[in-house]
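> I need the structure of the sequence given here:
(one chain, ligands or ions: 1)
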Amino acid sequence: MGKFLFWALLGLGVYLLYRAAKRRNQRQAEDQRSSAPEVEDMVRCEVCHVNLPRSEAILTHGHFYCCEAHRQRGEGVSGDDI
Ligand SMILES: [Zn+2]
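Okay, the predicted model is just below:
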């Protein structure tokens, strides 16, 4: 009976070690994924000078804007016709 208990505990220990190692690997992978920032160019709105990723900016005539309203203001489009 003592021998059975020994093997049972050994198996349990191996299983727990295996599970812990697997979980640690997963966490490392997630850390690498989250800590590695997506390399994206930051651009600045011509009107409010806020920095934003290029993919979210509006590019018109070589100028970046954070939103449509600022694009219109930057382009000199009249926004008075409300
Ligand atoms: Zn802006």
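
> now do the SS call for residue 12.
Classification of residue 12 using DSSP: H, G, I helix; E, B strand; the rest coil returns helix.

> what's the answer for residue 76, then?
The three-state assignment at residue 76 reads coil, by three-state DSSP.

> quick one: name whatever helix or strand follows the least confident helix or strand in the chain by mean pLDDT.
Using mean pLDDT, DSSP states H and E, helix 2-35 stands out as the lowest-scoring helix or strand of the chain, at a mean of 86. Tracing the chain past helix 2-35, the next element assigned as helix or strand by DSSP states H and E is strand 42-44.

> what about the least confident helix or strand of the chain, distance to the chain center?
Centroid separation between helix 2-35 and its chain, computed with C-alpha atoms, centre = their mean, to the nearest Å, is 28 Å.

> how about the contacts made by residue 53?
When contacts are counted by C-beta atoms under 8 Å, 6 or more residues apart in numbering, residue 53 touches 40-43. Placement of C-beta: from N, CA and C, glycine included.

> quick one: it from the ion, how far?
Distance, residue 53 to the ion, using C-beta to the ion, to the nearest Å: 14 Å.

> pLDDT score assigned to that residue?
We have a pLDDT of 94 for residue 53.

> and residue 80, by the same measure?
For residue 80, pLDDT reads 54.

> residue 67 too?
pLDDT for residue 67: 96.

> outline the domain layout of the protein.
Listed domain ranges for the chain are 1-36, 42-74 (source: automatic domain parsing).
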